[in-house]
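Asks: Build me a model from this:
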Amino acid sequence: MLFKIILLALLLFVVASLVTAFYYLIRDPASSRRVVNTLFVRVGISLFIMVLLLAGTYLGWVEPHGFGM
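Replies: Residues are numbered from 1 along each chain as shown. Have a look, this model is predicted:
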């Protein structure tokens, strides 16, 4: 259960980073450096989530299931 809560928190950070990048894009379009930084953080967190899911599946913390079974 703790693993799923951690993943949910990380997904919320991804959404928050995306909203922040959108805010910087609208608020100050001339300074794209902050937009690039926040999108870089979002991609990094997303990759970290994928690695966590792979590790969680390998360690048995998350069980994969098929659709329609």
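
Asks: show me what contacts the residue lying closest to residue 6 once chain neighbours are set aside?
Replies: Nearest residue to residue 6, sequence neighbours excluded (Cβ to Cβ, 6 or more residues apart in numbering): residue 52, at 7.5 Å. No exception for glycine: its C-beta is placed from N, CA and C like everyone else's. With contact taken as Cβ atoms under 8 Å, 6 or more residues apart in numbering, residue 52 is in contact with 3, 6, 7, 10.

Asks: so who does the third one touch?
Replies: Read it as residue 7. Contact analysis of residue 7 by Cβ under 8 Å, 6+ apart lists 49, 52, 53.

Asks: redo that, cut-off 7 Å
Replies: Listed by Cβ atoms under 7 Å, 6 or more residues apart in numbering, the contact set of residue 7 reads 49, 52.

Asks: measure it to residue 61 for me?
Replies: 10 Å (Cβ to Cβ, to the nearest Å).

Asks: One more: the last one?
Replies: Computed with Cβ to Cβ, the distance linking residue 10 and residue 61 is 14 Å.

Asks: Poorly predicted segments of the chain, please.
Replies: Applying pLDDT under 70 to the chain flags residues 68-69.

Asks: could you pull out the strands for it?
Replies: For the chain, no strands are identified by DSSP state E.

Asks: so how far is residue 10 from the residue nearest to residue 6?
Replies: Residue 52 sits 8 Å away from residue 10, going by Cβ to Cβ.

Asks: What of residue 2?
Replies: 13 Å.

Asks: Quick check on those two: which one has the bigger neighbour count.
Replies: Neighbours were counted for residue 2 and for residue 10 using other Cβ atoms under 10 Å; residue 10 has more, 14 against 7.

Asks: Nearest residue to the more buried one in space, please, no chain neighbours.
Replies: Nearest one to residue 10, counting by Cβ to Cβ, 6+ apart, is residue 49 at 5.2 Å.
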